[in-house]
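give the three-dimensional model of this entry:
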Amino acid sequence: MPWPWAAPPRRSQRSLAPDASPAFILSGYEPPPELTPERWLTEWRLDWIWVGVALFGLVTYFLGVAKVHRRGDSWQWFRSVNWVIGTVVLTYITSGPPSVYGRILFSAHMVDHMALTMVAPIFLVLGAPVTLALRALPARGDGSRGVREWILVFVHSKFSQLVTHPLFAAANFAGSIILFYYSDLFGYAMREHVGHELMNLHFLLTGYIFVLSMIGSDPLPRRAPYPMRLLLLLATMGFHAFFGVSIMGGTGLMAADYFGNLGRAWGPSALLDQQAGGAVAWGIGEVPTLLVAIGVAIMWSRSDQRETKRVDRAADRNNDADLTAYNDMFAKLAERDARMAERNKLEGR
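Coordinates of the predicted model:
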């Protein structure tokens, strides 16, 4: 299994050999071998930026878990498992076959993009890293600001209120796809290493914030009611379907100066591959969104159950004083209506 270093290509500095392949000229990398099922596991090109991000996330997360346990508190294993899965998935997306073949196949690029936007964020959000940080980091009592205090400042900042607002998060999640793929940004991200990394960062954060606003347990400035969350998810599913179908039926090549000139000697034509990528965008976008919608429905049901239990406990504490007062109110209204009816009868009305 090859593990080459993914050194960023310096297009302005490298010298091209006379027999340089079109793929190398355009992307800075030699084309990988023909894509087969087993190569979805074996073709890697380590992107050390994202490998470093994943390792940093794992180490700091489990240092936080250890600190919480040393203090005698508990931390759900379910959250830790999801965080590990999320970092592994993130590494696979950014350094594994989706990234390698995403430089030469639009369909593989779409696997890379949709997994980065909808798959990895689900696991990372369920890991609740902000909640862990707030529980693990010490609070300062002298009025100064440490890491914990700065996290709280950012969580409650105007910027956070904007980007985590459910309507903004959903609009950004859907709208940025259109802005990216139907502008020159797409071609720039495919040709330039910096553009590619910024693309990865943007879509990971976009997906993370959207999923966080739907099913996250980390603190947020505001949370949408559960019915609104489901409506936003349904709208997102509809948008992904529209986006995927429009690509499937498209007859013009996106980023044609890139995908049309790679000189790939295997696989379908660039246009057929792009249409297959539309199906990928539809399928991979729908399934995770449906799972998030199921998660929202479960959270809604549990919220109702907790509210019912809270009301029952309150009734037990005050001997149903609220219900008694409610019934007394209706009894007084009925008594008043009876007196008015009797007075009207005596007055001959």
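
which strands or helices does the strand or helix carrying Pro227 pack on?
In this assignment (DSSP states H and E), Pro227 forms part of helix 226-248. On a contact count with 3 or more Cβ pairs under 8 Å, 6 or more residues apart in numbering; DSSP states H and E, helix 226-248 meets helix 166-181, helix 193-215, helix 270-317. Where you see a C-beta, it was placed from the backbone N, CA and C, and this is true even at glycine.

need these in TSV (columns: distance to Asp73).
Converted to TSV, these look like this (distance: least, Cβ to Cβ, whole Å):
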stretch	distance to Asp73
helix 166-181	30
helix 193-215	23
helix 270-317	22
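
among these, which is the most enclosed?
helix 193-215 (a mean of 20; mean count of other Cβ atoms under 10 Å).

quick one: closest of the helices and strands packed on helix 226-248 to Ala136.
Ala136 lies closest, by Cβ to Cβ, to one member of these: helix 193-215, at 19.2 Å.

so how far is the closest one from its chain's centroid?
7 Å (Cα atoms, centre = their mean, to the nearest Å).

that helix packs against which elements?
Here helix 193-215 touches helix 120-126, helix 166-181, helix 184-191, helix 226-248, helix 270-317, going by 3+ Cβ pairs under 8 Å, 6+ apart.

can you lay out these as TSV showing distance to Leu205?
Below are the helices and strands packed on helix 193-215 laid out as TSV (distance: least, Cβ to Cβ, whole Å):
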stretch	distance to Leu205
helix 120-126	9
helix 166-181	9
helix 184-191	15
helix 226-248	16
helix 270-317	16
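
and of the ones you listed, who's closest to Leu137?
Closest to Leu137 of these, according to Cβ to Cβ: helix 120-126, at 19.1 Å.

report the mean per-residue pLDDT for that closest one.
Taken as a whole, helix 120-126 has a mean pLDDT of 96.

who touches it?
Applying Cβ atoms under 8 Å, 6 or more residues apart in numbering, the contact partners of helix 120-126 are 78-79, 82-83, 85-87, 89-90, 93, 204, 207-208, 210-212, 215-216, 218, 288, 291-292.

go again with 10 Å.
Helix 120-126 is contacted from outside by 57, 76, 78-79, 81-94, 115, 203-218, 288-289, 291-292, 295, using Cβ atoms under 10 Å, 6 or more residues apart in numbering.

show me the shaky parts of the protein.
1-19, 304-334, 337-338, 341-342, 344-349 (pLDDT under 70).

verify the contact between Val147 and Val130 for me.
No: proximity of Val147 to Val130 does not meet the contact threshold set by Cβ atoms under 10 Å, at 11.6 Å.

these two: which is more packed in?
Val130 (19 against 13; other Cβ atoms under 10 Å).

before we move on, which element is the more buried one in?
helix 129-136.

who are the packing partners of that helix?
Contacts defined by 3 or more Cβ pairs under 10 Å, 6 or more residues apart in numbering; DSSP states H and E place helix 129-136 against helix 48-70, helix 77-95, helix 147-155.

tell me which of the ones you listed lies nearest to Val280.
Among the helices and strands packed on helix 129-136, the nearest to Val280 by Cβ to Cβ is helix 77-95 (13.6 Å).

following element in sequence after that closest one, please.
Following helix 77-95 in sequence, per DSSP H and E, is helix 97-102.

pretty sure Tyr92 is touching Ser99, no?
Yes: here Tyr92 reaches Ser99: they are 8.7 Å apart, a contact under Cβ under 10 Å.

and those two? Which one has more around it.
The neighbour count for Tyr92 versus Ser99, taken as other Cβ under 10 Å, is higher for Ser99 (26 against 20).

what residues are up against that one?
Each residue near Ser99 by Cβ under 10 Å, 6+ apart is listed here: 6, 43-47, 50, 91-93, 108-109, 111-112, 116, 196, 200.

please apply the same query to Trp83.
Counting by Cβ under 10 Å, 6+ apart, Trp83 has contacts 57-58, 61-62, 65, 123-129, 132.

quick one: buried ones out of those?
Buried residues within the contacts of Trp83, defined by neighbour count using 16 or more other Cβ atoms under 10 Å: 57-58, 61, 65, 123-129, 132.

right, and the helices and strands packed on helix 226-248 - which one's nearest Tyr29?
helix 193-215 (9.9 Å).

tilt between the closest one and helix 226-248?
140 degrees (axes from the mean of the first three to the mean of the last three Cα atoms, to 10 degrees).

next, the angle helix 77-95 makes with helix 193-215.
150 degrees.
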